[in-house]
Structure formats: C-alpha cells, structure tokens
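>>> Based on what follows, work out the 3D shape:
(one chain, ligands or ions: 2)
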Amino acid sequence: MSILNIVRRCHDCGAILQADDPNAEGYISPEALSNTGARVLFCNKCFEESRYNFVPRSPKVSDDYLSMMEDAEASDALIVYVIDLFSFENSFVPAITSIIENLNILIVANKRDLLPKDYDDEALKEYVAHRFRNARFKVTHDDVVLTSLTSMSDTSAIFEEIEKRRMRHDVYVLGAVGAGKTQLISSLLHSYSNESNRAIISANYPGTSLRVMQVPLDTSTYLYETPGISTDNAISSKLDLAGARLVVPDEPVKARNFIMDKGDALAIGGLVRFELREGSKQDVKAYFASGVTIAKGRAVRINETFLRKAEAGAYVPSSAALTSASDFDAFDLTVDETGSRDIGVAGLGWICFHGAGQTWRIYLPKNVSLYHTRSKIKDKDR
Ligand SMILES: Nc1nc2c(ncn2[C@@H]2O[C@H](COP(=O)(O)OP(=O)(O)O)[C@@H](O)[C@H]2O)c(=O)[nH]1
Ligand SMILES: [Mg+2]
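Ligands and ions are numbered 1, 2, ... in the order given. Model prediction:
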C-alpha cells in the first residue's frame with residue numbers, strides 16, 4: 001500500500017526541508033525536522049539570518065551612547081526616563097539598563113491624554129513600575145509621575161521632583177524617539193533661570209559624536225537631553241509618514257470589542273494579524289488608534305486575502321514594505337497566565353483578553369517587536 005507523507009517546507013523561504021546535507025537548500029537539524037509537534041519550521045539559513053524575530057528585539061545603541069551612560073553611572077546622576085504611555089514596550093535596552101540600573105530614576109510617563117480618562121492613575125503608575133521592574137530597574141510606583149506634556153498641565157511638580165531627587169548631581173533625560181523629551185525640556189525652560197555663567201548649548205557630548213542639549217543647572221552640573229533611543233523595532237519603521245500618523249492616536253484610545261472563537265482572526269490594518277488557534281469563545285478588546293481598521297473574520301479567509309485587501313486600500317494603514325507572506329514573522333504564543341492580559345505590537349497598540357491557556361498565532365512585520373504582559377488597562381470585571 002502506498003503511504004502519503006506531508007512534505008515540510010521552511011516557513012520563511014519555502015524550501016523543502018531536509019536533514020541530510022547541511023550545504024544544500026532547506027537544511028534543518030534532524031531533531032528539529034522530526035519534531036512533529038512544531039507547526040512552523042525554518043530552515044537553518046533563514047533561522048540564522050535572524051530574519052526570525054525573537055521577542056523582544058531590542059533597538060541598537062551606539063558605543064558613544066553607552067559611554068555617555070557610563071559617565072552618568074560614574075557621577076551618580078539622576079535618570080529621568082521619559083516614556084510614551086500609549087507605547088513604551090520598546091523603551092528598554094538591556095545594554096543601557098545594565099549600566100544605569102542602580103541609579104536614582106524618575107519615570108516621566110507622558111501622553112496620559114491618550115489613555116481613557118476614567119482609568120485609575122494609581123493602577124497605571126503601578127503598571128509602569130511593574131514594567132520597569134521587569135526590565136530590571138529597582139523602582140516603585142512612587143518613582144512614576146503621569147503627565148501630558150502637550151496640554152497645559154503644570155509641570156512645576158516634575159521639576160521640583162527632579163531638583164529634590166538629583167541632590168546636586170547631573171540629570172540625564174532618556175527615552176525613545178518621540179516619547180516627549182524635547183517637550184519636557186522646553187517646558188522646563190519656561191521657568192528656568194540660569195544661575196551659572198555657562199550658556200545652554202547643543203553640542204557633542206564630551207568624548208562622543210552625540211549631539212546633546214546641555215542645560216546648566218548650577219555652577220557645576222548639567223541636565224542633558226540625550227538622543228532618543230531608536231524605534232527601529234516599532235511599527236513606524238515600516239510605514240510612510242501618512243501611515244505613521246494614523247497609528248498614533250490623537251484622542252484617548254477606545255477599546256473596540258470583539259467576540260472571538262477558535263479559528264477567528266483580527267487583521268489590524270494591513271500590518272498585523274492575531275489568530276486564535278486554540279481556545280474557546282472569548283471577549284477581546286482591541287486598543288488601536290481610531291484610524292486603524294480592524295477586520296474580524298475566519299483566519300483562513302483573512303490570511304488568504306490579507307495582502308490583496310491591504311494593497312487595495314481596504315485595510316488601513318498598509319505598508320509598501322509588506323508585499324509577500326515572507327515579509328512577516330509568525331509566532332505562536334500560548335498564554336499560561338490568568339487574569340487580564342495584553343499582547344501588543346511596538347508602536348501600534350494591543351489586544352486585551354482573559355488569560356485561559358489559549359494559543360494565539362501572531363503575524364507581524366519582520367523586525368517589529370511584540371510583547372505580552374499583564375493588562376495596562378484592566379477591565380472592571382476582570
Ligand atoms: N498626545 C500627546 N502627544 C505628545 C505629548 N507629549 C509630546 N507629544 C507629541 O509627541 C511627539 C514627540 O515629542 P518630542 O518631545 O519631540 O519627543 P522626543 O523625541 O522624546 O524629544 C510630538 O509630536 C509631540 O507633540 C503628550 O503629552 N500627549
Ligand atoms: Mg527630541
């Protein structure tokens with residue numbers, strides 16, 4: 001009797017997988033090939049070219065940046081870490097953290113206006129502190145201040161806090177590109193009086209080629225506005241200017257509610273798909289800017305038509321950089337935790353659901369990072 005076997009192919013390049021010849025196309029180790037439980041396999045070449053996106057991929061930082069952080073560490077400086085509350089999962093870079101983890105840190109959690117007004121501020125501070133602790137910082141919710149720097153909110157309390165905490169040491173203002181560092185400093189300059197004989201300058205940080213704004217705080221110390229940590233692992237790196245504007249909310253982000261069953265999927269613009277592979281019928285809240293279309297359907301249908309619809313403009317925004325299935329990574333994420341959980345994509349937004357052992361398959365553009373945490377905005381009934 002004849003036997004029909006499935007031919008397994010590399011999920012990325014499509015080569016037929018084989019475990020015989022390491023120099024030929026589609027080579028994969030015999031152990032990996034015989035792992036019949038793995039739904040998605042990559043040939044060694046694709047795997048090693050790191051086109052496969054390990055979570056979370058951290059942004060690159062230069063040696064100059066690290067040497068500036070070593071100065072901060074050596075001078076026992078105060079770190080003012082500015083984050084964008086809507087999306088800050090890509091603000092952490094282990095190479096930076098390991099240098100400054102023992103310094104005094106004030107977290108300025110900016111863009112409070114983009115989250116629902118009625119959401120509890122104390123819970124939000126605790127969430128932020130929790131995320132910083134996960135990234136190895138020793139902070140509590142008392143180290144977090146919430147603010148909206150574009151509104152007329154009073155920032156004098158932030159500067160009093162900086163003054164109190166810095167103990168006459170230097171201050172380094174850190175954060176991802178677009179977090180609000182420049183807004184913070186321009187707001188500081190409103191009430192600033194220069195008590196030194198040195199001017200505010202934008203110059204190379206000593207010993208580096210990093211352009212840094214340097215504000216004298218007294219006769220011997222400075223506040224430095226450091227260059228933004230790269231967001232090359234955020235969704236904006238795949239978008240043109242118009243698309244990048246669409247993914248940033250301009251009003252408090254509202255949950256869009258869906259009921260998802262096994263086999264359903266959500267397409268987030270023409271950028272990301274969340275597919276419920278395993279799990280029972282459940283409520284899912286999607287937090288994305290209102291200009292981003294969210295389409296729900298059966299996964300098979302969505303996957304078949306995704307790129308075509310994105311190209312035809314039915315899914316907004318879409319990206320000219322995403323033209324074939326191989327421009328996406330696929331992850332299977334099985335949720336072991338209970339309680340309210342988020343799975344999010346750097347710079348785009350997140351879905352929120354109740355953790356119950358379900359498995360999500362997430363397709364997202366290569367080199368964009370993905371996160372899974374407890375919920376930023378908890379449901380009242382969860
Ligand atoms: N909605 C909102 N947008 C903000 C807030 N603060 C800054 N922004 C916007 O975020 C963008 C980046 O701010 P900027 O200070 O230049 O960030 P930097 O790259 O960290 O210096 C600008 O378009 C600001 O208008 C805020 O509190 N709320
Ligand atoms: Mg700036």
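>>> For Tyr363, see how far away whichever residue of the stretch 1-150 of the chain sits closest to ligand 2 is.
In the stretch 1-150 of the chain, the residue that lies nearest ligand 2 is Val82 (9.5 Å; Cβ to the ion). Backbone N, C-alpha and C define where each C-beta goes, glycine included. Distance, Val82 to Tyr363, by Cβ to Cβ, to the nearest Å: 31 Å.
>>> Just want to know which of the two has more residues nearby.
Val82 (28 against 22; other Cβ atoms under 10 Å).
>>> Check the more buried one and give its pLDDT.
Here, the pLDDT recorded for Val82 equals 98.
>>> helix/strand/coil for it?
strand (DSSP: H, G, I helix; E, B strand; the rest coil).
>>> ok, now Ala24?
Ala24 ends up coil, using three-state DSSP.
>>> Just want the phi and psi numbers for it.
With angles defined as degrees, to the nearest 10, Ala24 sits at phi -100, psi 160.
>>> Who are the contact partners of the nearest residue to Thr140 once chain neighbours are set aside?
Excluding the flanking residues, the one nearest Thr140 by Cβ to Cβ, 6 or more residues apart in numbering is Ala129, at 5.6 Å. Counting by Cβ atoms under 8 Å, 6 or more residues apart in numbering, Ala129 touches Ile107, Val139, Thr140, His141, Asp143, Val144.
>>> what's the farthest-apart pair in those?
Maximum pairwise distance in those, criterion Cβ to Cβ, is 10.2 Å, between Ile107 and Thr140.
>>> the more surrounded of these two?
Taking other Cβ under 10 Å, Ile107 and Thr140 do not tie; Ile107 has more neighbours (25 against 12).
>>> Give me the mean pLDDT for the helix or strand hosting the more buried one.
Assigned by DSSP states H and E, Ile107 falls within strand 104-110. Here strand 104-110 scores 97 as its mean pLDDT.
>>> Run the chain-centre distance for it.
Relative to the centre of its chain, strand 104-110 is centred 17 Å away, using Cα atoms, centre = their mean, to the nearest Å.
>>> same deal with stretch 176-183?
Distance, centroid of stretch 176-183 to centroid of chain: 15 Å (Cα atoms, centre = their mean).
>>> Between the two ends of it, what distance do you get?
Using Cα to Cα, to the nearest Å, the end-to-end distance of stretch 176-183 comes out at 13 Å.
>>> Mind listing residues that contact that stretch?
Contact partners of stretch 176-183, identified using Cβ under 8 Å, 6+ apart, comprise 59, 82-84, 88, 90-91, 108, 110-111, 149-150, 173-175, 225-226, 228-231, 234.
>>> try stretch 72-81
The contact list for stretch 72-81 (Cβ under 8 Å, 6+ apart) reads 71, 91, 99-100, 102-108, 132, 162, 165-167, 169-175, 184.
>>> list the buried ones in that stretch?
For stretch 72-81, burial by neighbour count (16 or more other Cβ atoms under 10 Å) applies to Ala72, Glu73, Ala77, Leu78, Ile79, Val80, Tyr81.
>>> I'm done for today, thanks for sticking with me.
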